[in-house]
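Undergrad: no sequence on this one, just coordinates:
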């Protein structure tokens with residue numbers, strides 16, 4: 001015989017058990033693969049003698065019948081030839097050459113080539129978006145159309161019939177994406193302001209959610225803080241954007257915002273900013289806040305990173321300290337380069353006096369830095385009536401930095417570095433890992449003054 005027919009897969013609309021014929025030659029009932037695809041586009045390989053049986057025609061025109069009993073009420077049934085790519089005839093030297101056996105082997109090789117061509121054509125087929133289905137149109141395999149319920153892909157080249165429903169029933173189309181299934185899983189509504197959000201699967205895989213993405217972790221730009229007109233009580237936050245500290249939201253403050261430390265917190269510009277209670281000589285965090293319902297941004301002060309009811313503390317922007325009159329300690333200058341902030345205080349700040357320990361001793365910096373969030377940096381100097389060394393350490397073993405206390409005749413704010421012979425302005429920097437430091441002096445009692453601090457926000 002010759003192999004004249006080309007064995008493309010045969011596709012049927014499946015509505016239940018029945019007989020389904022195929023018109024290509026196979027050698028054995030094992031040479032078939034039968035696949036059921038449901039309306040969601042999920043395929044299942046059916047099992048011979050469990051889901052179906054086969055009757056093979058051994059004479060021309062060949063082909064056969066699938067007796068399918070698979071339990072399903074709607075979908076698509078595909079029958080295709082799938083020969084094992086083997087050669088099982090043992091040719092022996094000087095034996096008779098049987099033309100029928102030789103032809104059968106050639107037929108088998110041809111059928112395998114046809115089978116591979118089908119596989120290659122399907123693999124290489126280019127998906128082509130065709131929009132809305134239209135009657136009379138010529139469609140190629142893997143063309144894609146859509147309606148309000150699903151996205152479909154063409155299973156074979158064909159000319160569209162009178163209705164899409166009839167072509168779908170005939171097996172010309174398969175469901176690629178069932179839009180109703182996505183909606184059932186809980187695809188969230190897209191609203192104004194969601195342009196930078198991504199749709200992602202919920203952690204419990206129960207559906208979808210909108211998750212803000214875009215800015216990298218730790219990102220901050222703008223949002224610099226400075227004294228407002230009432231320098232004792234008001235701080236203005238410049239417009240800017242940042243990623244919140246939990247790496248969940250992008251926060252964008254569209255315009256500058258002024259908050260008052262001496263007035264109870266209220267949302268809005270030029271409004272109260274104190275979430276807790278205002279006290280003298282206290283460290284306060286100034287943070288960016290987000291409304292849990294509307295997503296609006298605001299800011300406020302508190303001793304800890306705690307927001308008012310209905311709001312979330314998104315990110316700490318600055319530290320501020322009150323003086324003995326409960327006013328904001330004056331900042332002479334502030335330098336920002338995004339995350340890093342350097343504050344230089346206006347008048348020098350007497351942190352503690354009478355430091356006289358000659359071995360490393362812990363000194364609290366709780367009025368200067370919060371308990372966590374470091375490392376921080378300390379810019380400092382000392383004043384003394386005598387010439388003695390003053391050393392700082394993070395671990396109480398290794399010296400972090402040192403300076404020489406000034407003579408009483410030096411101007412306020414001047415000191416000498418070790419080995420120096422003339423006064424210089426204070427620029428000494430020490431890294432602080434928490435809100436404590438260890439110090440020691442060579443002799444005498446010394447006052448410890450703060451010039452400024454550095455930290456990451």
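TA: Received the coordinates, thanks. Computed from a predicted structure; not experimentally measured.
Undergrad: strands of the stretch 151-300 of the chain, start to end?
TA: Secondary structure of the stretch 151-300 of the chain by DSSP state E, counting those that start in this stretch: the strands cover 158-159, 173-178, 197-201, 208-212, 220-222, 225-227, 234-237, 240-243, 250-253, 257-264, 271-274, 283-291, 297-302.
Undergrad: break this protein into its domains for me.
TA: 10-124, 128-183, 220-321, 340-456 (automatic domain parsing).
Undergrad: which of those is buried the deepest?
TA: Of all these, domain 220-321 has the most neighbours on average by mean count of other CB atoms under 10 Å, namely a mean of 18. Heads up, the C-betas are built off the backbone N, CA and C, glycines and all.
Undergrad: re earlier: export the domains of the chain to TSV and tack on mean pLDDT and distance to residue 327?
TA: Below are the domains of the chain laid out as TSV (pLDDT from 0 to 100; distance: least, CB to CB, whole Å):
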stretch	mean pLDDT	distance to residue 327
domain 10-124	82	67
domain 128-183	83	57
domain 220-321	90	4
domain 340-456	67	12
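Undergrad: and of the ones you listed, who's closest to residue 329?
TA: Between residue 329 and the domains of the chain, the shortest gap by CB to CB is with domain 220-321, which sits at 4.5 Å.
Undergrad: just how off-centre is that closest one within its chain?
TA: 26 Å (CA atoms, centre = their mean, to the nearest Å).
Undergrad: now for the longest strand along the chain, which elements pack on it?
TA: Longest strand in the chain, counting residues (DSSP state E): strand 340-355. If contacts are counted by 3 or more CB pairs under 8 Å, 6 or more residues apart in numbering; DSSP states H and E, strand 340-355 sits against strand 331-336, strand 376-383, strand 446-456.
Undergrad: hmm, 7 Å instead?
TA: Using 3 or more CB pairs under 7 Å, 6 or more residues apart in numbering; DSSP states H and E, the elements in contact with strand 340-355 are strand 331-336, strand 446-456.
Undergrad: hmm, residue 328 and residue 346 touching each other?
TA: No: between residue 346 and residue 328 there is no contact under CB atoms under 7 Å: 10.7 Å.
Undergrad: I'd like the helices and strands packed on strand 340-355 as JSON lines, with distance to residue 94 appended.
TA: Below are those laid out as JSON lines (distance: least, CB to CB, whole Å):
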{"stretch": "strand 331-336", "distance to residue 94": "95"}
{"stretch": "strand 446-456", "distance to residue 94": "89"}
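Undergrad: so which of those comes closest to residue 83?
TA: strand 446-456 (66.9 Å).
Undergrad: quick one: the closest one to strand 340-355, angle?
TA: Here strand 446-456 points in a direction 160 degrees away from that of strand 340-355 (axes from the mean of the first three to the mean of the last three CA atoms, to 10 degrees).
Undergrad: pairing partners for strand 446-456, with directions?
TA: Take DSSP bridges as the rule and strand 446-456 pairs in its sheet with strand 340-355 (antiparallel), strand 376-383 (antiparallel).
Undergrad: export those strands to JSON lines and tack on distance to residue 319?
TA: Shown next, in JSON lines, are the strands paired with strand 446-456 (distance: least, CB to CB, whole Å):
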{"stretch": "strand 340-355", "distance to residue 319": "8"}
{"stretch": "strand 376-383", "distance to residue 319": "9"}
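Undergrad: out of those strands, the one nearest residue 142 is which?
TA: strand 340-355 (54.1 Å).
Undergrad: contact partners of that closest one?
TA: If you take CB atoms under 7 Å, 6 or more residues apart in numbering as the criterion, strand 340-355 is touched by 318, 329-335, 363, 368, 412-413, 439, 441, 445-457.
Undergrad: one more time with 8 Å
TA: For strand 340-355, the external contacting residues (CB atoms under 8 Å, 6 or more residues apart in numbering) are 318, 321, 329-335, 363, 365, 367-368, 377, 379, 381, 390, 412-413, 439, 441, 445-457.
Undergrad: again with stretch 269-276
TA: Contacts for stretch 269-276 (CB under 8 Å, 6+ apart): 234-235, 255-266, 286, 299-303, 306-308.
Undergrad: immediately after the longest helix anywhere in the chain, which helix or strand?
TA: Among the segments of the chain that qualify as a helix by DSSP state H, the longest is helix 99-124. Going down the chain from helix 99-124, the next helix or strand is strand 128-131, by DSSP states H and E.
Undergrad: which elements pack onto that following strand?
TA: Using 3+ CB pairs under 8 Å, 6+ apart, strand 128-131 sits against strand 143-146.
Undergrad: list the contacts of the strand it packs on.
TA: 127-133, 139, 151-154, 164, 173, 176.
Undergrad: at 7 Å what do you get?
TA: In contact with strand 143-146 (CB under 7 Å, 6+ apart) are residues 127-133, 151-154, 176.
Undergrad: nearest to residue 16, of those residues?
TA: Checking the contacts of strand 143-146 one by one against residue 16 (CB to CB), the nearest turns out to be residue 152, at 22.2 Å.
Undergrad: OK, contacts around the nearest residue to that closest one once chain neighbours are set aside?
TA: With CB to CB, 6 or more residues apart in numbering as the measure, residue 173 is the residue that lies nearest to residue 152, at 4.3 Å, once sequence neighbours are left out. Residue 173 sits next to 152, 154-155, 167 when contact means CB under 7 Å, 6+ apart.
Undergrad: at 10 Å instead, please
TA: Counting by CB atoms under 10 Å, 6 or more residues apart in numbering, residue 173 touches 11, 76, 133, 139, 143-145, 150, 152-156, 158, 160, 164, 167.
Undergrad: who's it bridged to?
TA: Residues in beta-bridge contact with residue 173 (DSSP bridges): residue 154.
Undergrad: so how far is residue 41 from it?
TA: 10 Å (CB to CB, to the nearest Å).
Undergrad: what do you get for residue 216?
TA: Distance from residue 216 to residue 41, by CB to CB: 37 Å.
Undergrad: correct me if wrong: residue 74 contacts residue 12.
TA: No: counting by CB atoms under 10 Å, residue 74 does not reach residue 12; the two are 11.9 Å apart.
Undergrad: what do the two both touch?
TA: With CB under 10 Å, 6+ apart as the test, residue 74 and residue 12 both reach residue 169.
Undergrad: confirm for me that residue 307 is in contact with residue 301.
TA: No: Residue 307 lies out of contact with residue 301 (CB under 10 Å); the separation is 11.1 Å.
Undergrad: give me the sheet partners of the helix or strand that contains residue 312 and which way each runs.
TA: Per DSSP H and E, residue 312 falls inside strand 311-321. When pairing is defined by DSSP bridges, strand 311-321 lines up against strand 283-291 (antiparallel).
Undergrad: so the strand it pairs with versus strand 257-264, what angle?
TA: Using the same axes, to 10 degrees: strand 283-291 against strand 257-264 is 120 degrees.
Undergrad: quick one: stretch 315-335 to chain centroid distance?
TA: Counting by CA atoms, centre = their mean, stretch 315-335 comes out at 35 Å from the chain centroid.
Undergrad: can you give me the end-to-end distance of it?
TA: Across stretch 315-335, the terminal residues are separated by 19 Å (CA to CA, to the nearest Å).
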